[in-house]
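Peer 1: Dropping the sequence and predicted coords here.
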Amino acid sequence: MVIDRRSPVYVAGHRGLVGSAIWRRLERGGFTHLIGATSAELDLRDRAATFTFLAEHRPAVVIDAAARVGGILANRDHPTEFLSDNLRIQVNLMDAALEVRTRRLLFLGSSCIYPKFAGQPIHESSLLTGELEPTNDAYAIAKIAGIMQVQAVRRQYGLPWISAMPTNLYGPNDNFDLTSSHVLPALIRRFHDALQSDAPEVVLWGTGTPRREFLHVDDLADACLFLLENYDDPQTINVGVGEDVTIRELAELVARVVGYTGAIGNDLSKPDGTPRKLLDVSRLRALGWKPATDLERGVASTYAWYLEQLRGEA
Ligand SMILES: NC(=O)C1=CN([C@@H]2O[C@H](COP(=O)(O)OP(=O)(O)OC[C@H]3O[C@@H](n4cnc5c(N)ncnc54)[C@H](OP(=O)(O)O)[C@@H]3O)[C@@H](O)[C@H]2O)C=CC1
Ligand SMILES: C[C@H]1O[C@H](OP(=O)(O)OP(=O)(O)OC[C@H]2O[C@@H](n3cnc4c(=O)[nH]c(N)nc43)[C@H](O)[C@@H]2O)[C@@H](O)[C@@H](O)C1=O
């Protein structure tokens, strides 16, 4: 299923962590007709504007990397927006893509769609077999609806649309805001700041015992192109590395990369979230794809990128 490199490909959310990595990967892969729009240019919550945009550009391929995204506290404290914005963005985008009969569409969800206490590693068949983690249930329900919309379009219209569920991601263009970000960029920033200010301690949210799996976003982007060319199945597919670490271990790794030697404490008033969410990546492996970046190298290159941004701002 090789995609013609001249096909119009719309990357929704092309300035974000994921969308920008997909854009880079497609450019490197020789794609010559990439389409992007910022949320200021096209608010995907606006149904009429979304239909107009798709009718104008008629993409042959749509990659949905546009979403309201955030870490554990942003999800816990803004369930209304995480549900409503994400439902509207994805429904409008998929309805408009259907209207112009976009041939290939990749919908991206997240590993939080699986039950809080799913068996580990989490196989795709665990979907809808148990209760969700309450800090991100609204977001997860929106993402589950997205998987269902892909399946419905496949069934009813015969279009080869697919969905994929990445594990926790990191890399260039991540969100480093300390309140709304995910753990990895937050720790890079917090250990860097502590090093600069000679702070005696960096305090982690929660107990540090939850386990998480981290995939470099360039690997995810590579997997997305691979799936668009090699995967055609109604079932969603997990994208991860197949290994996880505790948050404490991650913090020690980030401290090492940054060069911080002070203490690491815990703020037990903050939530831990899901105790573990290691994806079962056997289906993706069986297709012939695996990630290239190990965690320590990935954190080091992301820290280098972060320092460059700081230098650019100075
Ligand atoms: N980050 C992670 O750890 C993980 C992410 N994912 C999934 O990957 C996808 C992308 O996430 P990520 O790149 O991290 O998120 P980012 O926040 O980095 O990027 C989100 C993008 O969505 C766009 N966007 C948000 N709201 C709107 C809107 N109303 N209209 C148009 N565009 C909008 C933003 O556009 P603009 O910049 O122009 O405002 C931005 O480019 C999501 O579906 C997420 O669920 C899955 C697993 C883990
Ligand atoms: C991708 C995924 O992302 C979210 O789920 P999450 O994996 O729980 O996200 P997280 O990266 O924010 O936290 C991981 C762990 O790390 C701990 N932690 C320590 N110190 C900091 C810290 O400083 N910041 C943050 N954010 N977390 C910290 C934190 O307490 C938690 O135990 C959901 O939005 C979900 O919807 C989703 O899809």
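Peer 2: Looks like it arrived, so ask away. Ligands and ions are numbered 1, 2, ... in the order given.
Peer 1: Give me the below-cutoff pLDDT ranges for the stretch 201-314 of the chain.
Peer 2: Across the stretch 201-314 of the chain, nothing is flagged by pLDDT under 70.
Peer 1: Say whether ligand 2 is contacted by stretch 139-156.
Peer 2: Yes. For stretch 139-156, a contact with ligand 2 is found by CB under 6 Å from any ligand atom, at Tyr139. (Glycine included, C-beta is placed from N, CA and C.)
Peer 1: Now do that stretch: everything it contacts.
Peer 2: Residues from elsewhere that reach stretch 139-156, judged by CB atoms under 8 Å, 6 or more residues apart in numbering: 64, 75, 79, 82-83, 86-87, 90-91, 94, 98, 105, 107, 109-110, 112-113, 127-128, 132-133, 159-163, 165, 234, 236.
Peer 1: and ligand 2, which of these reach it?
Peer 2: Within these, those near ligand 2 by CB under 6 Å from any ligand atom are 75, 110, 112.
Peer 1: Counting neighbours, which of those comes out on top?
Peer 2: Neighbour counts for these, by other CB atoms under 10 Å, peak at Asn75, which reaches 25 neighbours.
Peer 1: Which secondary structure element is home to that one?
Peer 2: helix 72-77 (DSSP states H and E).
Peer 1: same check, this time on Glu81
Peer 2: helix 79-99.
Peer 1: Look up how far ligand 2 lies from Asn92.
Peer 2: Here Asn92 is placed at a distance of 21 Å from ligand 2 (CB to the nearest ligand atom, to the nearest Å).
Peer 1: so what's that residue up against?
Peer 2: Per CB under 8 Å, 6+ apart, neighbours of Asn92: 44-47, 50-51.
Peer 1: The residue of the chain found nearest ligand 1 - nearest residue in space that isn't next to it in sequence?
Peer 2: Relative to ligand 1, the nearest point of the chain is Gly16 (2.0 Å; CB to the nearest ligand atom). Leaving out its chain neighbours, the residue that sits closest to Gly16 by CB to CB, 6 or more residues apart in numbering is Ala65, at 6.1 Å.
Peer 1: That neighbour reaches Trp23, doesn't it?
Peer 2: No. Counting by CB atoms under 8 Å, Ala65 does not reach Trp23; the two are 9.1 Å apart.
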